[in-house]
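Asker: Fold the following.
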Amino acid sequence: MTLSTSQPHLVPAHGLAVWDWVHAAVIVVVTVALSQVVRRTTLKAFGNHSERPAARISARFGAYLIGAAGLMYALNALHVKIGPLVGALGISGIALAFALQDTLQNLVAGVILQARRPIRHGDQVEVGRYEGTVVDIDLRNVLVRTYDGLDVYLPNRMVLEGPIVNYTISPSRRLSLHIGVGYHTDLAHAQRCLVDAVSRVEAVASDPPPAAWVTDFGESAIEFTVLFWYSVAEHSLWDVRSAVAISMQKALHDDGIEIPYPTRAITVDQTARNGFQATTPPAASRSW
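Answerer: Here you go, the predicted structure:
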């Protein structure tokens, strides 16, 4: 029996040498490092806008693309046949696509939102029944912080398919307030008083100018609708509405114009009242 003096060749059971594993590991390490470089370079290319969702999504997409290419090279270094693997992944991908249909729809909708950009970070929007400020947009959700401080995560598909009102796109927004005056009021004087009061509010725009119109004869008051504009970028909705309401109430009070409470007039028929006679019901009979 003759013993071989040559060094044994380390070959795993599946026929791969140690060098093949080292080669694949080097490719993986280089891929991870390169994907991080691509991610940081993409964010740096956006400059001061690196916090915007489009920058983050572009950076992630570039990193994922580098990672997928590196994985293919690593498998090739391990002598894995890519063709049959891709075919198997394709069949499995179809089943996975049906299972993750909602997630994929939100992913595609997120890409479309980033391409069309109907809303952006910091925009004041109304999406469905939610109104607030856009805090974040990722590949699955749009985060809207409502004016009462609630964080609402809206699926991208719902945002894309539903109506979107973006108040920030337009430089100014019109608001309306309703206020009533007594029936004995000089309406022309009250109209001038309301317009002057709104015009004195610093946040209210002078062009277009504010206006006040008589809109209804209510049960207890004659209703005015006051219209005014403000800059969305400089002021918040609630601050402007509050300032305008305070100014109108003070102006009407100083001019002696009444803002009436809801009232009810009750008329009593005196004839019926005087003819009313109280009657006592007969006593109940008892039997022993």
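
Asker: Every contact and neighbour count from this point should use C-alpha atoms.
Answerer: Noted.

Asker: measure Ser231 to Met248 for me?
Answerer: Taking C-alpha to C-alpha, to the nearest Å as the criterion, Ser231 is separated from Met248 by 20 Å.

Asker: out of the two, which sits in the busier spot?
Answerer: With neighbours defined as other C-alpha atoms under 10 Å, Ser231 and Met248 compare such that Met248 has more, 23 against 18.

Asker: Wait, that one touches Ser199, no?
Answerer: No - if you go by C-alpha atoms under 8 Å, Met248 and Ser199 don't touch, sitting 10.0 Å apart.

Asker: so where's the stretch 1-150 of the chain shaky on pLDDT?
Answerer: 1-16, 46-58, 80-101 (pLDDT under 70).

Asker: For it, just list every one of the helices.
Answerer: Using DSSP state H, counting those that start in this stretch, the helices of the stretch 1-150 of the chain run over 18-45, 53-77, 82-99, 101-116.

Asker: okay, which residue is most central for this protein?
Answerer: Val144 (3.3 Å; C-alpha atoms, centre = their mean).

Asker: Pull the contacting residues for that one.
Answerer: Tyr130, Glu131, Gly132, Thr133, Val134, Val135, Asp136, Asp151, Val152, Tyr153, Leu154 (C-alpha atoms under 8 Å, 6 or more residues apart in numbering).

Asker: Okay, and the beta partners of it?
Answerer: Residues in a beta bridge with Val144, per DSSP bridges, are Val134, Val152.

Asker: give me phi/psi at Pro155?
Answerer: Torsion angles at Pro155 (phi, psi; degrees, to the nearest 10) stand at phi -60, psi 140.

Asker: pretty sure it is touching Asn141, no?
Answerer: Yes - Pro155 is within contact range of Asn141, at 4.5 Å (criterion: C-alpha under 8 Å).

Asker: Need the overlap of contacts for the two.
Answerer: Common neighbours of Pro155 and Asn141 (C-alpha under 8 Å, 6+ apart) are Asn106.

Asker: what about the closest residue in space to Thr42 that isn't next to it in sequence, how many residues close to it?
Answerer: Distances taken as C-alpha to C-alpha, 6 or more residues apart in numbering place Ala59 nearest to Thr42, at 5.4 Å, with adjacent residues excluded. Counted with other C-alpha under 10 Å, the neighbours of Ala59 add up to 24.
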